[in-house]
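Visitor: build me a model from this:
(chains A and B)
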Amino acid sequence: MPWIIANGGEAFLNLGRPNNGGTKIFSVSGDVARPGNYEVKLGTPFAKLLEMAGGMRGGRKLKAVIPGGSSMPVLPADIMMATDMDFDSIAKAGSMLGSGAVIVMDETRCMVKSLLRLSYFYYEESCGQCTPCREGTGWLYRMVHRIEHGKGKSEDLDLLNNLADNIQGRTICALGDAAAMPVRAFIKHYRDEFQHHIDHKKCLVAPYI
Amino acid sequence: MLEIEIDGKTLEVPDGSTVMDAANQAGIYVPHFCYHKKLSIAANCRMCLVQVEKAPKPLPACATPVTKGMKVWTHSAQAVDAQKGVMEFLLVNHPLDCPICDQGGECQLQDLAVGYGASGSRYEEDKRVVGNKDLGPLISTDMTRCIHCTRCVRFGQEVAGIMELGMIGRGEHSEIITFVGRTVDSELSGNVIDLCPVGALTSKPFRYSARTWNSRAIPR
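Guide: As a prediction, the model looks like this:
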């Protein structure tokens, strides 16, 4: 803030890119060596941000990144490594920058379990005022819970997608959207892992030790 | 006066009207549960979602004010899709015990489920169960049937003027209780029996005595 007052808003705006001016504080968490808050210019490549956060913890491979907090769609590593951290680039890649809470996941993370954790959060956080979110978040959570624990059925994935459609955009506040978006993105990018859970009743990835 | 087009009908409505008011004026029925013309607007049941021109997502008719030249479709594909989606969510935690429910035959949920509900449920998980409350000598409760429209709560606050009922808990765990642990003593409390769109609050004296379709109006 003092920097902006000293140098003027124009100078701050010129730090980033056109239409994505200024800097943003990214809160990098998850499987990185040095999690923390990093203030960078908008438009900084994600690879650079990851490097600032010390790279992947234990030298593991990057698997997925949720670029804007847990309510935003997840993006696989290859898309993320080719993307810059600004609003337009992330939107083009199919997600949103949101709060700037970057959640980094490495190759040992089971995507079904990750989604289960997110769904549980939104199930517990729903206030219960309006119908789609009150009933829908519990339904989503219970279905993902069933898939994770080896009781999934092959039609469940399409049903999950359909439920997410029915919740998104029909609630009073954005918590309904926030609960629906990760479900759709996880299934879109990691359908094979969900299918593996349903078919073989176990994880596709080796368990985290 | 504002001009609005609903389902192709053009009409003029007073300033400050909602889409629901306009639809009622035009004689178009928009499905709803929490909306009641004598109570404040809650917009929490989401059953009255309608398609509005230039709006990216369906909007609740009861809480959307009419603007000049607005175009609304209450039964378009987008609106009906939203309404059916909401109906499915309302029914997942509803016990569907209509055969033993006193509200059967005069139940808004039952009536609308005929039009908007599916013939079978896609919900295979466990249903919610809510303990019944003692609301005094008039009101019999089956709180598992409650759809959280909060009509009874708003009636107590706004019409009766006594805060006797309230909602506690969050998310799926929310439920209607008396405030706090007392019975409902207001002389107007019997009205919530008729206000309740489902069989959560029914009449204790009349319980299990007759079906509405078997009763006959006696001319006074």
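Visitor: quick one: the helices in chain B?
Guide: For chain B, the helices defined by DSSP state H cover B:19-26, B:77-92, B:108-116, B:151-155, B:191-195.
Visitor: with B:Lys68 as the reference, name the closest of those.
Guide: Each of the helices of chain B has some distance to B:Lys68 by C-beta to C-beta; the shortest is helix B:19-26, at 12.4 Å. Bear in mind the C-beta positions are built from the backbone N, C-alpha and C, glycine included.
Visitor: so which other helices or strands are in contact with that closest one?
Guide: strand B:2-6, strand B:9-13, strand B:70-73 (3 or more C-beta pairs under 8 Å, 6 or more residues apart in numbering or on different chains; DSSP states H and E).
Visitor: what's the average pLDDT for it?
Guide: Averaging pLDDT along helix B:19-26 gives 94.
Visitor: my guess is B:Glu5 contacts B:Trp73. True?
Guide: No: contact criterion C-beta atoms under 8 Å: B:Glu5 and B:Trp73 do not qualify, at 9.2 Å.
Visitor: neighbours of A:Cys173, just the number please.
Guide: A:Cys173 sits with 12 neighbouring residues when counted by other C-beta atoms under 10 Å in any protein chain shown.
Visitor: next, count neighbours for the residue lying closest to B:Ser140 once chain neighbours are set aside.
Guide: The spatially closest residue to B:Ser140, leaving aside those adjacent along the chain, is B:Lys204, at 4.2 Å (C-beta to C-beta, 6 or more residues apart in numbering or on different chains). Residues near B:Lys204, counting by other C-beta under 10 Å, number 16.
Visitor: can you name the residues of chain A that neighbour chain B?
Guide: A:123-132, A:134-139, A:142-143, A:146, A:159, A:165-166, A:169-172 (C-beta under 8 Å from any C-beta of the partner chain).
Visitor: one more pass at 7 Å, please.
Guide: Selection of chain A residues close to chain B by C-beta under 7 Å from any C-beta of the partner chain yields A:123-124, A:126-132, A:134-139, A:142, A:159, A:166, A:169-170, A:172.
Visitor: check contacts around residue 45.
Guide: Going with chain A. A:Asp84 (C-beta atoms under 7 Å, 6 or more residues apart in numbering or on different chains).
Visitor: chain B, not that one
Guide: Contacts of B:Cys45 (C-beta under 7 Å, 6+ apart): A:131, B:32-34, B:147, B:149.
Visitor: B:Val50 now?
Guide: B:19, B:30, B:58-59, B:61, B:72-74, B:79.
Visitor: would JSON lines of the helices and strands packed on helix B:19-26 with mean pLDDT and mean neighbour count be doable?
Guide: What follows is the helices and strands packed on helix B:19-26, written out as JSON lines (pLDDT from 0 to 100; neighbours: other C-beta atoms under 10 Å in any protein chain shown):
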{"stretch": "strand B:2-6", "mean pLDDT": "92", "mean neighbour count": "19"}
{"stretch": "strand B:9-13", "mean pLDDT": "92", "mean neighbour count": "15"}
{"stretch": "strand B:70-73", "mean pLDDT": "93", "mean neighbour count": "20"}
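Visitor: for these, which one sits closest to chain A?
Guide: Shortest distance between chain A and those, using C-beta to the nearest C-beta, is found for strand B:70-73: 16.0 Å.
Visitor: mind listing what that closest one pairs with, with the direction of each?
Guide: strand B:2-6 (parallel), strand B:49-52 (antiparallel) (DSSP bridges).
Visitor: residues making contact with it?
Guide: B:4-7, B:19, B:50-53, B:79.
Visitor: and the residues you listed, which two are furthest apart?
Guide: B:Ile4 and B:Ala79, at 15.4 Å, using C-beta to C-beta across the contacts of strand B:70-73.
Visitor: point out where chain B drops to low pLDDT.
Guide: Applying pLDDT under 70 to chain B flags no residue at all.
Visitor: interface residues of it facing chain A?
Guide: Residues of chain B lying near chain A (C-beta under 7 Å from any C-beta): B:43-46, B:49, B:57-58, B:82, B:85-86, B:89-90, B:92-93, B:122-123, B:125, B:148, B:169-172, B:174.
Visitor: show me which of the residues you listed are buried.
Guide: Using 16 or more other C-beta atoms under 10 Å in any protein chain shown as the burial test, those include B:43-46, B:49, B:58, B:82, B:85-86, B:89-90, B:92-93, B:123, B:148, B:171-172, B:174 as buried.
Visitor: any idea how far A:Pro76 is from the residue nearest the centre of chain B?
Guide: Central residue of chain B (C-alpha atoms, centre = their mean): B:Phe33, 1.7 Å from the mean position. According to C-beta to C-beta, to the nearest Å, B:Phe33 and A:Pro76 sit 42 Å apart.
Visitor: OK, contacts around residue 140?
Guide: I went with chain A, as the question did not name one. A:119, A:160, A:163, A:179, A:183.
Visitor: switch to chain B, that's the one I care about
Guide: Here B:Ser140 is in contact with B:202-204, B:207 (C-beta under 7 Å, 6+ apart).
Visitor: run through the bridge partners of it.
Guide: B:Ser140 has the following beta-bridge partners by DSSP bridges: B:Thr202.
Visitor: how much space is there between it and A:Ile147?
Guide: In this view, B:Ser140 and A:Ile147 are 40 Å apart by C-beta to C-beta.
Visitor: please name the bridge partners of the residue nearest to the spatial centre of chain A.
Guide: For chain A, the residue nearest the mean C-alpha position is A:Ile66 (2.8 Å; C-alpha atoms, centre = their mean). Under the criterion DSSP bridges, A:Ile66 forms beta bridges with A:Ile103.
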